[in-house]
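Model the following, please.
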Amino acid sequence: MERNTNGLAVAPAGFSAETWQTFARDGLLVIDDALPSATVEALRATIDDQAKNHEGNIVAGDPRFAGLIDHPAHIGYMHDVYGDMLKLLRSEYFKRAPGQVTRNDWHFDGPRLLPFQVFGDRVPLRIKIGYWLTPLPEAGMGNLVYIPGSHRWDHLPQYHTHDPHPEEKRLLVRPGAMTLMWGGLWHRVDVNSSTTTRQNLFLEYGPSWLTASDRVVSDPAWAERLPREQRIIMRAYREQNQCVKPPERDVPLYLPRAGEPDAEAGLYADHVPLSLRKRSTWLETQGLA
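Down below sits the predicted model:
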């Protein structure tokens, strides 16, 4: 990862105008071969070692998962949306065995009584990163089933059932594929009538002022031992108001990429701390937010 003389990292690559357009339209973006085969095998082995089927806050529960907090395959996309207030809200893995009966029916992620889109639907308040570790070449393998574009819908007649929808699609991917899913996308899980146990990881991100889903707050002593970017993204603040006004040492999270505009250049006097200055996200600089 590229760093300056002060040790600050440049944001990894993320969205293009075209991939953002696809994501905003469909609510799901697929990036094939995001992880090399060696990483896929290492993650599968780590999941196999776990005693439980899935566990929230896995990045704190096993150091072998901690590198996913700011993995360069996805963190640039998240920074494009949430900028310097990026936060990991949830991390988990799933093992969906052949013949598994219990599986998620139609739902969307996030609050139900007042869904996130009530407060604006141009930018998602949560994005779920999925890493797919086993081959899913056909239906009936515990696939993710989703309805493209349904992140704009408040209601679905099939809600809380497994009844089919005429526009539904099944995710068919190779090991190492990565998905980005808009928090409001309607989705469910297919049956697994194959002989393969489906393994995958999910990491969900949003702005730091949203509450996490798998913890109240991470152990600050544990977070202090993490590399700088991982520590910031976990937001293990003793004072929760720092999730709204991050401390000086945590700004900036990443430096801009080469050639990216500085929308705030010249707007602040030198005495104004970086932590109190607005800093536009990539979406804002592109006129997409």
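
Which parts of the stretch 101-250 of the chain are strands?
127-132, 144-146, 169-170, 177-182, 187-189, 198-207 (DSSP state E, counting those that start in this stretch).

Name the residues that touch the third one?
Spelled out, that is strand 169-170. 139, 143-148, 190 (C-beta atoms under 8 Å, 6 or more residues apart in numbering). The way it works is simple: take the backbone N, C-alpha and C, and place the C-beta from them, glycine included.

Then the second one?
With C-beta under 8 Å, 6+ apart as the contact definition, strand 144-146 has outside contacts at 27-28, 130, 168-171, 179, 181, 185-190.

out of the contacts of strand 169-170, which is most surrounded?
When neighbours are counted as other C-beta atoms under 10 Å, the busiest of those turns out to be residue 146, with 26 neighbours.

sorry, back to before: name the nearest of the contacts of strand 144-146 relative to residue 273.
Minimum distance to residue 273 across those is 35.5 Å, recorded for residue 181 (C-beta to C-beta).

which one's the longest helix in the protein?
Secondary structure of the chain per DSSP state H: the longest helix is helix 37-48.

Where do the helices of the stretch 151-289 of the chain begin and end?
For the stretch 151-289 of the chain, applying DSSP state H, counting those that start in this stretch gives helices covering 220-224, 228-234, 282-285.

Just the mean pLDDT for the shortest one, thanks.
Which is helix 282-285. For helix 282-285, the mean per-residue pLDDT is 96.

now the first one
With pLDDT averaged residue by residue, helix 220-224 scores 97.

For it, list every residue counted as buried.
By neighbour count, and taking 16 or more other C-beta atoms under 10 Å as the criterion, the buried residues in helix 220-224 are residue 223.

how far out from the middle of the chain is it?
The offset between the C-alpha centroid of helix 220-224 and the centroid of the whole chain comes to 22 Å, using C-alpha atoms, centre = their mean, to the nearest Å.

same for that helix, what does it pack against?
With contacts defined as 3 or more C-beta pairs under 8 Å, 6 or more residues apart in numbering; DSSP states H and E, helix 220-224 has these neighbours: helix 228-234.

What average pLDDT does the helix it packs on get?
Rounded to a whole number, the mean pLDDT of helix 228-234 is 98.

then that helix to PDB, C-alphas only?
Output in PDB follows, covering the C-alpha atoms of helix 228-234 (Å, rounded to 0.1, in the frame of the first residue of the first chain):
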ATOM      1  CA  ARG A 228      -3.600   2.500  11.900                       C
ATOM      2  CA  GLU A 229      -6.300   2.100   9.200                       C
ATOM      3  CA  GLN A 230      -7.800  -1.000  10.800                       C
ATOM      4  CA  ARG A 231      -7.800   0.700  14.200                       C
ATOM      5  CA  ILE A 232      -9.700   3.700  12.900                       C
ATOM      6  CA  ILE A 233     -12.200   1.700  10.900                       C
ATOM      7  CA  MET A 234     -13.200  -0.300  14.000                       C
END
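
If we only consider the contacts of strand 169-170, which is nearest to residue 92?
Using C-beta to C-beta, residue 144 comes nearest to residue 92 of those, at 14.1 Å.

Distance-wise, check the closest one relative to residue 132.
Residue 144 is 9 Å from residue 132, where distance means C-beta to C-beta, to the nearest Å.

shared neighbours, these two?
With contacts taken as C-beta under 8 Å, 6+ apart, the residues that reach both residue 144 and residue 132 are 171, 179.

Give me the secondary structure label for residue 94.
Three-state secondary structure (criterion: DSSP: H, G, I helix; E, B strand; the rest coil) places residue 94 in strand.

Was I right to think it contacts residue 134?
No. Contact between residue 94 and residue 134 fails when scored by C-beta atoms under 8 Å: they sit 10.6 Å apart.

list residues touching both of those two?
Common contacts of residue 94 and residue 134 (C-beta under 8 Å, 6+ apart): 198-200.

for these, which one is nearest residue 268?
Ranked by distance to residue 268 (C-beta to C-beta), the shared contacts of residue 94 and residue 134 are led by residue 200 at 43.3 Å.

which of the contacts of strand 144-146 has the most neighbours?
Busiest of these [other C-beta under 10 Å] is residue 181, holding 27 neighbours.
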